[in-house]
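# Provided below for reference: sequence and predicted model.
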2 protein chains.
Amino acid sequence: MLNETHPIRSSEETRTRIFAAARQLLAKKGRRGTTTREIAELAGVNEATLFRHFGNKDALIEACVMYYCPAGDLREFLPKLSGDIESDLRALAHFMTERMESLRDLILATFIEEDQWSSAGDAAWRAPAMIKQAVTDYMAARVERGDLEGDPVLMARLFMGTIFAYVVGRKRMQYPEYTLDDIINFNVNVFLNGVRKKK
Amino acid sequence: MLNETHPIRSSEETRTRIFAAARQLLAKKGRRGTTTREIAELAGVNEATLFRHFGNKDALIEACVMYYCPAGDLREFLPKLSGDIESDLRALAHFMTERMESLRDLILATFIEEDQWSSAGDAAWRAPAMIKQAVTDYMAARVERGDLEGDPVLMARLFMGTIFAYVVGRKRMQYPEYTLDDIINFNVNVFLNGVRKKK
DNA sequence: CTTTTCTGCAAGTAAGTACTTGCACTCAAG
DNA sequence: CTTGAGTGCAAGTACTTACTTGCAGAAAAG
């Protein structure tokens, strides 16, 4: 007999359900504030299943972060860039905003309890670090070509900082009267006017 | 007899010792990761003293945040500004960096566990919100005067965002080869070139 | 001197939490 | 049909944590 408390589920699906629940709770309550009981409940599995899959809470969290922080999806995006700087930067800003937005809470969570995240914390930061490097390279190429002038590292830092601040600060510092496009356009314009090479 | 386990302490001093310890731990481990036992130990008081002073952990944390987030110290600073825009903005950037730095971890902690901070979370954000308003006003005045052009709200947002990103991201995104001055000077220059009115 | 206030100390309680274990059930593969 | 993997369920363990309580000492105020 097949009752509703025993639905058929593959092992894979169970794992992803657990990951989804863990991510949601980790982002909301942090590592210590999240209990295995809550994760199990939200995932719709028994608490014992968590431990049978991952051994302990730490391993679960680490696997969860690894699962959600792939580091390679930037390579599909970069080759598409080659128009003029302004549209490039706008596209980059949109791409980065999306990426960071989807990891926002997980990234934020690694900021506090810093000593307790161990390698899971590093995993969450791998994608942003790769993007940072790519942006720096982009800026350096444009400086080389004579489009921009200044230190590419500081340029990348400034550019990414504006996006970081938008994504992270959004909840506490709200600007409901502006759309994401408004803000990105403004930021890109100011940035470009500020670093474009004078002729 | 006066032994070292019973040193003389006024009630006021005990409170500030508790606040200092609580702040340190809250910043490092978050609200749930911080235990009353640890706070008492670090403060050098008995755990029971905590509860005799504040009743419960929540009230302690709230009192602690209130204690460390005064909202009025900006008024002493603003009147000193009246030179040219560049030096004004540099001074503002330094001031904001210092303020945010001293509250960095407390502010960060309020980002996650958001539902659990209640009014303490608002208290931690009162000072930044006031600074945001002051910067917006400053920008508006400069636009009015014809020095800058653009939307003062977005200008303030961008300007503060760069500082926010620096302070918050510092630990994970390190640039040991640049000093704070390097970064502030670069950011202020780019920003100013970007928003200065063209003649 | 007496009283009040603040504190330390030790013991304890009730609740929560990570994690375990033994058993039964379902389903798919051999 | 048998077997094994994956799961639910219920009970339990060892530990932590917020919070309490009763007692005693020390200092300050009256």
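Nice, thanks for sending it over.

# Closest residue of chain A to DNA strand D?
Nearest to DNA strand D in chain A, going by CB to the nearest atom of the strand, is residue A:14, at a distance of 2.9 Å. Any C-beta I mention is one placed from the backbone N, CA and C, and that applies to glycine too.

# Make sure that residue is indeed in a strand.
No: counting by DSSP: H, G, I helix; E, B strand; the rest coil, residue A:14 is not found in a strand; it is helix.

# from what I can see residue A:60 touches residue A:52, true?
No: the pair residue A:60 and residue A:52 does not pass the contact test of CB atoms under 8 Å, sitting 11.0 Å apart.

# Mind checking which of those two has more residues around it?
Neighbours were tallied for residue A:60 and for residue A:52 using other CB atoms under 10 Å in any protein chain shown; the higher tally belongs to residue A:60 (23 against 10).

# Tell me who's in contact with the more buried one.
A:18, A:22, A:36, A:39, A:50, A:53-54 (CB atoms under 8 Å, 6 or more residues apart in numbering or on different chains).

# do stretch A:144-157 and chain B meet at all?
Yes: under the criterion of CB under 8 Å from any CB of the partner chain, chain B is reached by stretch A:144-157 at A:150-151, A:153-155, A:157.

# try stretch A:178-195
Yes: residues of stretch A:178-195 are located near chain B by CB under 8 Å from any CB, namely A:178, A:182-183, A:186-187, A:189-195.

# Just put these in JSON lines and tack on neighbour count.
Shown next, in JSON lines, are the residues of stretch A:178-195 next to chain B (neighbours: other CB atoms under 10 Å in any protein chain shown):
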{"residue": "A:178", "neighbour count": "15"}
{"residue": "A:182", "neighbour count": "13"}
{"residue": "A:183", "neighbour count": "20"}
{"residue": "A:186", "neighbour count": "21"}
{"residue": "A:187", "neighbour count": "25"}
{"residue": "A:189", "neighbour count": "17"}
{"residue": "A:190", "neighbour count": "22"}
{"residue": "A:191", "neighbour count": "24"}
{"residue": "A:192", "neighbour count": "19"}
{"residue": "A:193", "neighbour count": "16"}
{"residue": "A:194", "neighbour count": "22"}
{"residue": "A:195", "neighbour count": "26"}
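
# Give me the distance between the residue of chain A closest to DNA strand D and residue A:61.
Between residue A:14 and residue A:61 the computed distance is 17 Å (CB to CB, to the nearest Å).

# So for stretch A:129-142, mean pLDDT?
The predicted model gives stretch A:129-142 an average pLDDT of 89.

# can you tell if that stretch touches chain B?
Yes: Stretch A:129-142 reaches chain B (CB under 8 Å from any CB) through A:129, A:132.
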